Structure formats: C-alpha cells, structure tokens
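Visitor: here's a sequence, model it:
(2 chains)
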There are 2 protein chains.
Amino acid sequence: MTNRIRVGIVGYGNLGRGVELAIAQNPDMQLDAIFTRRDPATISSNTKAYSIEDAEKFVNDIDVMILCGGSATDLPEQGPQFAKMFNVVDSFDTHARIPEYYEEVNAGAVNSNKVAVISTGWDPGLFSINRLLFEAILPEGNAYTFWGKGVSQGHSDAIRRVPGVKDGKQYTIPVEEAVQRVRNGEDPSFTTREKHLRECYVVAEEGADLEQIRETIVTMPNYFADYDTVVHFVSEEELKKNHSAMPHGGIVLHSGKTGENTTQIMEFGLKLESNPEFTSSVLVAYARAAYKLHKEGQAGAKTVFDIPIGHLSPKSAAELRKELL
Amino acid sequence: MTNRIRVGIVGYGNLGRGVELAIAQNPDMQLDAIFTRRDPATISSNTKAYSIEDAEKFVNDIDVMILCGGSATDLPEQGPQFAKMFNVVDSFDTHARIPEYYEEVNAGAVNSNKVAVISTGWDPGLFSINRLLFEAILPEGNAYTFWGKGVSQGHSDAIRRVPGVKDGKQYTIPVEEAVQRVRNGEDPSFTTREKHLRECYVVAEEGADLEQIRETIVTMPNYFADYDTVVHFVSEEELKKNHSAMPHGGIVLHSGKTGENTTQIMEFGLKLESNPEFTSSVLVAYARAAYKLHKEGQAGAKTVFDIPIGHLSPKSAAELRKELL
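Guide: So this is what the prediction gives:
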C-alpha cells in the first residue's frame, strides 16, 4: 500500500466516533481531520479537530469526507455544499426525500468533478441492495422487510414527548411467526400489526398517572396506534443499566416462484449490537469506493445501486476473483 | 419498453430450460434461439433450435448469449469462443480455475468489444458478493459458508460409481448447531465434520453386499471420509418418488467486531426448491446487466464484483432511487 486514503469526518456524534474506530480497522485508510460545529477544543480524539468553517482549506489534503450529521437538518445543507469541494459519503435516510436530495448533491458533485455517495448504511444501503437483487432475480415474488429487534430513535423520541414521561426507549420487534411464514414460502399478506411489535421502557415523572401515559403512547397515531404495543414502567437506574445500548438489525426476505411453480426463498439479515458503529463501518467501505470511482474519472452523486461491490474492498480485482469468487 | 433484449441459449439441459422459463418472467427480454450440439429437431421448445455450429450467423440478431453448458468441458471451450462474437453470460463454477478462465474469456471479449459475465449464479455469484461485502464492511471478523440442505451432484455421482450401486442421491446438510454458534457471535473454529453432514440415499443392485457399499461410501477420501455420513438403502421407486427434486441453498455468515468489542452479525441465505431454476434466474438478470454494460461502451470479462447492482434491474436509476433505496 503506497498511498493511504486520506479521510475527514464532518460531525463527531455517535456516527463520527464509529467512523473513527472503523478507519482504524482499515490499513489502507487514515483519518486526517475531524470537522465540527462545536468548539474544536472540546473534541476528545487523537485526531486533530477543526471548525467546520475551515474545511474548505483542506480540499487538497482530504481524499474523502464522511458526513456524519443527521438527515433532518445537517445533511440537506452539508451534502450539496461539501460535494462542491470533496468526494463525500453520507447516510441520508429520509427515504421519501432521497430523489430530491440526490439531485441537489449531484449538482454539486458534477460541478466539482467529485464523487458523492449518498444514502448508504444498512437501510437505506445494504437492505436496498438486497431488495433490488431479490426483485431482479425473482420478479414473480414478494418482498418483505422486517426491522429489529432494535431501538428506534424516532419512536423513543415520541415517547419522551408524552406528558409525565421523564425518559424512555422503544424497541421494534419483528413478529417471529410472520417471519417464519415467509420463510416457509406461504407468500402471506400482513397488516402493519402482524409484522412488528413495539415494546416501550418508560421512566415516569414522580406522581404521574401511569395509566394515562400508557394510553397516550399506545393510541398515538403514526407511531403506535397501528401496532400491538407493550409499555413497561422502569426506574431511571434500570433504563440506564439495561437499555443504553443501541442494538438493531432486521431481515429482507423475498419469496418468489420460478419455472412452473417452484418456491425460492432469498434472505438477508443483520444482528447488530451497535447500530451506529455498523452504519459507520458501511460508510467507511463506501468511502473507499468513492475514492476508487473518483480515481477512475467518475463524477456526480452515486447510490449503492451504482457502485460495483468490488470497489468496497481494498483488494485488487484479480485478488478478489482468486480469493472470494 | 421499445426494444426487448434478444437472448440466445447455448445448451438445453436443466439450466437452459430454466433460462427459457426465467426469460418468460421478464417482459424486457425475449428468447430468440436455442443452440444445441444435439440434432435441433429433437429439442422440444416453442423457441426455434439450431445447431451450435450455426450460432455465428446470429451475431447481428442476438444481444446476449446465455451459456448453459457445464464447467468441466463445455464452458472452457465455449466461453472464450462465444465471447469473440457475442455478449455472453455463464455460470462457470470451478472455483480454482476461475482466474485462468477469466483471462481466456477476457481475451475474446476485448477483441470483439463485447461484455462477458463469467461465473455468476449463487456460488460463485450471490454468495461471492456477500463474502466480499461482509469482509469489506467488517474486516475484523470471520466468514462462514454453509451449503444445503441440498443435492450435491458431484457427491451423488461419486456414490453411483461405487460397485454394487445402481443409483443414488446425496444431500449436503449444514450442522444446525454450528450455524447457531456463529449467529450467537461465538466466532468458533470448525473442523470439516463439525460444519456439514452428508446423507445418502442408495439403490443397491440385487444381491449386493450392503455393508460393503456403506463402508466404501463413508470411507471415500475427499468426498465422505472427513464427514459424518449416513447411508440409507431405498428402492428404485422410492428414490424416484422422494429424491428426484434438486433442492439446494445455504448461508453465508459473517461475525465481526466494531468499536471496542461490539459483535455484529451479517447473514445471507437461500432456500431453493430448484437449484438449476434459481441459477437460471440469476443468469438472466446478469444477461440484462451484460446488455446494459455493452450499451455503455464497456468490453471484456466481468464478474459479479465488477457490476453495479442497479444494472440487474429493468428499472431506471431514478425509479430505483425512488422505489427501492
């Protein structure tokens, strides 16, 4: 390895810290700088931190910037802006807004002649790859995505907004019987309620009406009303001790028919002890792909659908054919 | 859809018939001709059959040729030869000889300015994609491939060569406990015997020494000696009734660590009622990709590692971003 890929991180939360740890596992890459909106002096890392305002000074020193901000407000601004200066990778995950985000980032990247990999991670990302793969190979079939068991940040936030709730965590849990029915090739139709359960661990404020809190949660539209929801009240201590981790995962399942009426089942699954660390590892592999695509002379926004899988590996095409095909 | 992709099949065995059925499921493709080494008049299909010698007359009429011959003798000859004339796709699966086969096919395809997708199917093929994906994302981890439950053609052939055996089928079966240990993140080391069982259904010739047959099978080097092997003697009728199908499948599992010491499990699995029909469906999806790559001006031999997943779908990149990301 002569030249290592020089990486920068934009945003140093759970995802940014995960990227830092993932780069340390990849000898062909090095982390050169962290960019933050906070005071850089407050960043606790062995890598030097800079104000995000100074990023543009690094255009010749960073090969790929990994954008680790959130999809609600950070990325819609940072994605198009950084693509005007750097090869970038992000995990933009607001599914409904991906087409418009793609166009904005693409405009920046085409202009700068850089590569911008958007919306990678595991969903969107690896799950998307498998949804496409399964549908292309078994066009006469049905796809099913199950999420969990894992912590849903959005649902946990929704719980914490309920009056009388001090803190809370929500787990999304696939209904095991539903998963088994697809695996058995039954090709079933499910209501929302039949696919996932929601389990909530709630710390109530002192003197709060627990029954009222439970009722508000389980009837909450969009978030809980369409699901079977279980609410457990726990102490602040117990929540911290048993529910601080961020596990997640899920399954993409496809049941299709070939030939006369032959059942074929395809499945992709993840069981993650840390959702943000895993997403970070995916971002780092795609940062390598962005670097390779740029070296090949490509430019513009790319998704996981546009990138040959071989580009994710540090190995050469000949090594990959010999070792992994 | 203005122009459908015009496909030809070379070789009309299980795989060729599967390709014919798979093309019927894909409205953007049409099967125009079958090429065979047999007398074309003996081919029972709605599609016109021709002698394989006449294939060269179709260079302007076929967009992609799907090579459905075997890896032992057919493809080493047909792959390089057809790549000199057509975009081709094959399922060459002699893992150890892939690098040399790649070079030979590549020479033909570069010369003709066509695209040749080699060694696709599920292993090599989809399993290879996942081995690479898992290793690239979780470099500190271990990969495990389990095959089955399914019929192994090579092992069934080995049984049938044993003196006193009239017919037989062999099932490769993953050891469920071994699979579970990987799923639990134990990161175990396995002997060959600990990963797979072999189950044989054998029809003996009249008066044959059954114990001698059993002993010859279970001690056969390379094929059975390193495994726990069960031999069942059955009637010819029972073998035909219960063991004529060609199910197969398997699992690629990867257990890796991120961050400090966080366990992350990735899994890809197939449960196939018909191994050849599924392989055919994969070949057809990659035929579409070969066509698209050729349209883009690419040429040469390609593997599943070189091809963007989006090229497998009939949908446009914008549709894919909107619907499947």
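
Visitor: what residue in the stretch 1-150 of chain A comes nearest to chain B?
Guide: A:A136 (4.0 Å; C-beta to the nearest C-beta). Bear in mind the C-beta positions are built from the backbone N, C-alpha and C, glycine included.

Visitor: tell me, how many residues neighbour that residue?
Guide: 25 (other C-beta atoms under 10 Å in any protein chain shown).

Visitor: are we agreed that it is in a helix?
Guide: Yes - checked against DSSP: H, G, I helix; E, B strand; the rest coil, A:A136 lies within a helix.

Visitor: excluding its backbone neighbours, what's nearest it?
Guide: Leaving aside its sequence neighbours, A:A136 sits nearest to B:L312 (C-beta to C-beta, 6 or more residues apart in numbering or on different chains; 4.0 Å).

Visitor: any idea of the pLDDT on that neighbour?
Guide: In this model, B:L312 is scored at 98, pLDDT.

Visitor: quick check: it touching B:Y286?
Guide: Yes - assessed by C-beta atoms under 8 Å, B:L312 is found in contact with B:Y286 at 6.8 Å.

Visitor: ok, those two, which is more surrounded?
Guide: B:Y286 (29 against 23).

Visitor: tell me who's in contact with that one.
Guide: Applying C-beta atoms under 8 Å, 6 or more residues apart in numbering or on different chains to B:Y286 gives the contacts B:V89, B:V117, B:T120, B:V304, B:I307, B:L312.

Visitor: mind redoing it with 7 Å?
Guide: B:V89, B:V117, B:T120, B:L312 (C-beta atoms under 7 Å, 6 or more residues apart in numbering or on different chains).

Visitor: what about A:M266, how many residues close to it?
Guide: Every residue meeting other C-beta under 10 Å relative to A:M266 is counted, giving 26.

Visitor: A:N222 now?
Guide: A:N222: 9 neighbours (other C-beta under 10 Å).

Visitor: repeat that for A:F58.
Guide: The tally of other residues near A:F58 (other C-beta under 10 Å) stands at 17.

Visitor: ok, A:A285 next?
Guide: If you count neighbours by other C-beta under 10 Å, A:A285 ends up with 25.

Visitor: doesn't it lie inside a strand?
Guide: No - counting by three-state DSSP, A:A285 falls outside a strand, being helix.

Visitor: from what I see, it and B:P139 are in contact.
Guide: No - taking C-beta atoms under 7 Å as the definition, A:A285 is not a contact partner of B:P139, at 8.9 Å.

Visitor: ok, the most centrally placed residue in chain A - contacts?
Guide: In chain A, the C-alpha nearest the mean C-alpha coordinate belongs to A:G121, at 3.8 Å (C-alpha atoms, centre = their mean). Contact analysis of A:G121 by C-beta under 7 Å, 6+ apart lists A:S91, A:D93, A:T279, A:V282, A:L283.

Visitor: who wins for neighbours among these?
Guide: With neighbours defined as other C-beta under 10 Å, the most crowded of the contacts of A:G121 is A:L283; it has 30 neighbours.

Visitor: B:A289 versus that one, what's the distance?
Guide: The spacing between A:L283 and B:A289, counted by C-beta to C-beta, to the nearest Å, is 26 Å.

Visitor: same question, A:V7
Guide: According to C-beta to C-beta, A:V7 stands 31 Å off from B:A289.

Visitor: try A:F127
Guide: For A:F127, the distance to B:A289 equals 21 Å [C-beta to C-beta].

Visitor: next one: A:V175
Guide: 36 Å.

Visitor: list the buried ones in the helix or strand bottoming out on mean pLDDT in chain A?
Guide: Across the helices and strands of chain A, the lowest-confidence element by mean pLDDT, DSSP states H and E is helix A:153-160, at a mean of 94. By 16 or more other C-beta atoms under 10 Å in any protein chain shown, the buried positions in helix A:153-160 come out as A:H155, A:S156, A:A158, A:I159.

Visitor: how far away from the center of its chain is stretch A:226-242?
Guide: 24 Å (C-alpha atoms, centre = their mean, to the nearest Å).

Visitor: can you show me the strands along the stretch 101-250 of chain A?
Guide: A:115-117, A:141-147, A:150-151, A:165-174, A:196-204, A:228-233, A:248-258 (DSSP state E, counting those that start in this stretch).

Visitor: buried deepest among those strands, which one?
Guide: strand A:115-117 (a mean of 29; mean count of other C-beta atoms under 10 Å in any protein chain shown).

Visitor: I'd like to check what contacts that strand. Which residues are they?
Guide: Contacts for strand A:115-117 (C-beta under 7 Å, 6+ apart): A:83, A:87-89, A:105, A:109, A:286, A:289-290, A:293-294, A:298-299, A:301-302, A:307.

Visitor: same check, this time on stretch A:149-161
Guide: By C-beta under 7 Å, 6+ apart, the list of residues contacting stretch A:149-161 reads A:165, A:167-173, A:198, A:200, A:202, A:217, A:220, A:223, A:246-249, A:275.

Visitor: quick check: which of the residues you listed are also close to chain B?
Guide: The subset of these within reach of chain B, by C-beta under 7 Å from any C-beta of the partner chain, is empty.

Visitor: circling back to that earlier point, surely the residue nearest to A:A136 is in contact with B:R288?
Guide: Yes - when contacts are counted by C-beta under 7 Å, B:L312 is listed as touching B:R288 (6.3 Å).

Visitor: okay, A:E260: pLDDT?
Guide: For A:E260, the model assigns a pLDDT of 85.

Visitor: may I ask which helix or strand encompasses it?
Guide: Assigned by DSSP states H and E, A:E260 belongs to no helix or strand.

Visitor: against B:A285, how distant is it?
Guide: Counting by C-beta to C-beta - A:E260 and B:A285 are separated by 20 Å.

Visitor: just A:E186 next, same as before
Guide: Counting by C-beta to C-beta - A:E186 and B:A285 are separated by 25 Å.

Visitor: over to A:G148?
Guide: 30 Å.

Visitor: kindly report the same for A:I309.
Guide: Taking C-beta to C-beta, one finds A:I309 at 15 Å from B:A285.

Visitor: next: A:G164.
Guide: Relative to B:A285, and taking C-beta to C-beta, A:G164 is found at 54 Å.

Visitor: likewise for A:P247?
Guide: When distance is defined by C-beta to C-beta, A:P247 is 34 Å away from B:A285.

Visitor: pull up the residues of the stretch 101-250 of chain A that are close to chain B.
Guide: Going by C-beta under 7 Å from any C-beta, the residues of the stretch 101-250 of chain A near chain B are A:102, A:119, A:124, A:128-129, A:131-133, A:135-140.

Visitor: which of those ranks first by neighbour count?
Guide: Most surrounded of these: other C-beta under 10 Å gives A:S119, at 30 neighbours.

Visitor: that one contacts B:L324, correct?
Guide: No - using C-beta under 7 Å, A:S119 is not in contact with B:L324, being 11.2 Å away.

Visitor: then A:T263 would be within a strand, right?
Guide: Yes - according to three-state DSSP, A:T263 belongs to a strand.

Visitor: got a list of what it touches?
Guide: Per C-beta under 7 Å, 6+ apart, neighbours of A:T263: A:G185, A:S255, A:K257, B:E273.

Visitor: who's in contact with the last one?
Guide: Neighbouring residues of B:E273 by C-beta under 7 Å, 6+ apart: A:T262, A:T263, A:Q264, B:A245, B:P247.
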